[in-house]
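*Asks:* structure of the sequence below:
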Amino acid sequence: MAATPVLAKRALDEGIRCIVLRLKRTSNPDMVCMERFHHFTGDMERHGVFVLLCGVRPEFARVMKNLRFEDCLPEARIFLEEPQLYSSTLKAVRYGLELSGDPSCSHCARVHSLGVVAQDAAQDLYYLV
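*Replies:* As a prediction, this is how the structure comes out:
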C-alpha cells in the first residue's frame with residue numbers, strides 16, 4: 001500500500017503534475033483492481049499530481065460512481081468515451097495543460113502558448129503512448 005505515495009513523490013520530483021490514463025479498452029475490472037485504482041487516484045491527488053481519465057466507458061463510469069470515486073477524483077477529470085477516435089484523450093490532455101499551469105517541457109510550453117482551448121492547437125496535442 002505504500003507504493004503509491006512513493007510513485008506520487010517520484011512523479012513530483014520529476015516535474016510530472018498530471019497523469020492522463022486512457023481506459024477505453026478497460027473492461028470488467030474486479031473489486032481488488034478497482035480498490036487499488038481508487039487508492040492510486042486518491043494518493044496521487046493528495047500529493048498534488050492530477051489524474052485524468054479518458055475513454056471511460058459508461059459501465060466503467062457506473063462502477064466508479066458506485067465506489068464513490070468522486071471522493072478523490074472530481075467529475076471534471078473524467079472524460080467519457082466518444083465516437084471520434086482519441087477525442088476524449090485530446091480533451092483530457094488539453095485540460096491537463098490547463099491544470100498544470102506553467103508547462104515545464106518545451107513542447108508543452110509551445111502548445112500552451114498557442115492557447116490550449118484553441119482549435120489550431122489540436123494538431124500539436126496528439127499524444128499516443
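*Asks:* now do stretch 61-68, average pLDDT.
*Replies:* Per-region confidence: stretch 61-68 scores 91 on mean pLDDT.
*Asks:* cool, and stretch 86-97?
*Replies:* The average pLDDT for stretch 86-97 rounds to 87.
*Asks:* and that stretch, C-alpha only, in CSV?
*Replies:* Listed next in CSV are the C-alpha coordinates belonging to stretch 86-97 (Å, rounded to 0.1, in the frame of the first residue of the first chain):
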residue,chain,number,x,y,z
TYR,A,86,-8.9,9.9,-29.4
SER,A,87,-11.3,12.8,-28.9
SER,A,88,-11.6,12.3,-25.2
THR,A,89,-7.9,11.8,-25.0
LEU,A,90,-7.2,15.2,-26.6
LYS,A,91,-9.8,16.8,-24.3
ALA,A,92,-8.0,15.3,-21.3
VAL,A,93,-4.6,16.4,-22.5
ARG,A,94,-5.8,20.0,-23.1
TYR,A,95,-7.4,20.0,-19.6
GLY,A,96,-4.2,18.6,-18.1
LEU,A,97,-2.3,21.5,-19.6
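*Asks:* list the buried residues in it.
*Replies:* For stretch 86-97, the neighbour count (16 or more other Cβ atoms under 10 Å) marks Y86, S88, T89, L90, K91, A92, V93, R94, Y95, G96, L97 as buried. Every C-beta, even on glycine, is put in place using the N, C-alpha and C of the backbone.
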